[in-house]
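Colleague: Here is my input, please return the structure:
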Amino acid sequence: MKQNLSREEAKKSLVYDPYFEKGHYGSKIFQTLVAILSWFGVLIPFFWILFPFVFPNRAQYNHIVVYLEEKTTLLFLLIFLSVSFVFLTILYILLTFWNNYRFKHFLQKEKQYDDERLNKRRELLNKAYDERFGSEEFRHKVCFYSVKEEQNLETDFVKKLYQEGEKND
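Modeller: As a prediction, the model looks like this:
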């Protein structure tokens, strides 16, 4: 039988990030700025190396000299990042197919509830409805039924019924 977790217990076992919740605007602004500055730190060296190749006249005007090491570095980075991109693309596609296969063949076929417990709860509800509103056959055949004031269900009627049923088992 599966154990039901409360929201607080689930938060403890799962990754929790307040960035994606409502509020926390100071944290969101700070983390977003850090991420943008970090991407500038990644991209500026590439622009610095590419600048003389893309704008050779401007590079001469600013006295930027292109050395052989820069061409070698740029070629290495181009090859390395291209191979990495292809590898990661293939890896992510394979992982997606594997995840979809597992979801389709294993997770969807497993029962996510306790069948025996569900049947007991259905019986409890049917008995309670029979006591309050008459037999199931009568309820389905009648066209109009007026519920008396004492027949109204409390807001926690089903919850209490399930708790009493579990205590009796």
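Colleague: give me the low-pLDDT residue ranges for the protein?
Modeller: Within the chain, the set of residues satisfying pLDDT under 70 comprises 1-3, 5, 10-16, 63-64, 107-112, 169.
Colleague: give me that answer again for 90
Modeller: Counting by pLDDT under 90, the chain shows low-confidence ranges at 1-24, 45-75, 77-78, 99-119, 121, 125-169.
Colleague: show me the biggest helix of it in terms of residues.
Modeller: helix 68-102 (DSSP state H).
Colleague: Tell me the buried residues in that one?
Modeller: By neighbour count on 16 or more other Cβ atoms under 10 Å, the buried set for helix 68-102 is Glu70. All C-beta atoms are positioned from the backbone trio N, CA, C, and that covers glycine.
Colleague: Can you list phi and psi of Leu153 for me?
Modeller: For Leu153, the backbone dihedrals (degrees, to the nearest 10) come out as phi -90, psi 140.
Colleague: And for Val147?
Modeller: When read as degrees, to the nearest 10, the backbone of Val147 gives phi -80, psi 130.
Colleague: which residue packs closest to it, ignoring adjacent ones?
Modeller: Phe133 (7.6 Å; Cβ to Cβ, 6 or more residues apart in numbering).
Colleague: can you tell me how far that neighbour sits from Leu50?
Modeller: 78 Å (Cβ to Cβ, to the nearest Å).
Colleague: Which one's more surrounded, the two?
Modeller: Using other Cβ atoms under 10 Å as the criterion, Phe133 and Leu50 rank with Phe133 on top: 16 against 12.
Colleague: looking at it, the more buried one is touching Gln151, isn't it?
Modeller: Yes: the pair Phe133 / Gln151 is scored as a contact, 6.6 Å apart, by Cβ atoms under 8 Å.
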